[in-house]
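S.K.: missing the sequence, but the structure's below:
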């Protein structure tokens, strides 16, 4: 039975914020999809904070702070 090799490497974690008028889930999804257009080899996304923008006593935007992990190319 073959064992999976764990690939050694160096990774960077960066924080981004996505926004949406629909939901926190949509905000996080937009953040990752937008980052994926310019960052290759994304590995892990972790939602670290959720908040809302309020105007006139009403929620107008959901915001998701996302930590993204990607591997440095060798």
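M.R.: Structure received. Quick caveat: nothing in here was measured; it's all calculated off a predicted structure. Residues are numbered from 1 along each chain as shown.
S.K.: Break down the protein into its helices, ranges please.
M.R.: Along the chain, counting by DSSP state H, helices occupy 24-35.
S.K.: Okay, strands next: where are they in it?
M.R.: Under the criterion DSSP state E, the chain contains strands at 11-20, 42-55, 58-71.
S.K.: got the angle between the second one and strand 11-20?
M.R.: Using axes from the mean of the first three to the mean of the last three C-alpha atoms, to 10 degrees, the inter-axis angle of strand 42-55 relative to strand 11-20 is 30 degrees.
S.K.: Okay, angle between strand 42-55 and strand 58-71 too, please.
M.R.: Using the same axes, to 10 degrees: strand 42-55 against strand 58-71 is 160 degrees.
S.K.: now do the shortest one
M.R.: On the basis of the same axes, to 10 degrees, strand 11-20 is oriented at 160 degrees to strand 58-71.
S.K.: Strand 11-20 packs against which elements?
M.R.: Applying 3 or more C-beta pairs under 8 Å, 6 or more residues apart in numbering; DSSP states H and E, we find strand 11-20 packed against helix 24-35, strand 42-55, strand 58-71. Just so you know, the C-beta spots here come from the backbone N, C-alpha and C atoms, and that holds for glycine as well.
S.K.: how about those in a markdown table, adding distance to residue 18 and mean pLDDT?
M.R.: A markdown table is the format used below for the helices and strands packed on strand 11-20 (distance: least, C-beta to C-beta, whole Å; pLDDT from 0 to 100):
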| stretch | distance to residue 18 | mean pLDDT |
| --- | --- | --- |
| helix 24-35 | 3 | 97 |
| strand 42-55 | 10 | 95 |
| strand 58-71 | 5 | 96 |
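S.K.: mind checking which of these is nearest residue 9?
M.R.: strand 58-71 (5.1 Å; C-beta to C-beta).
S.K.: That closest one vs helix 24-35, what angle?
M.R.: Using the same axes, to 10 degrees: strand 58-71 against helix 24-35 is 40 degrees.
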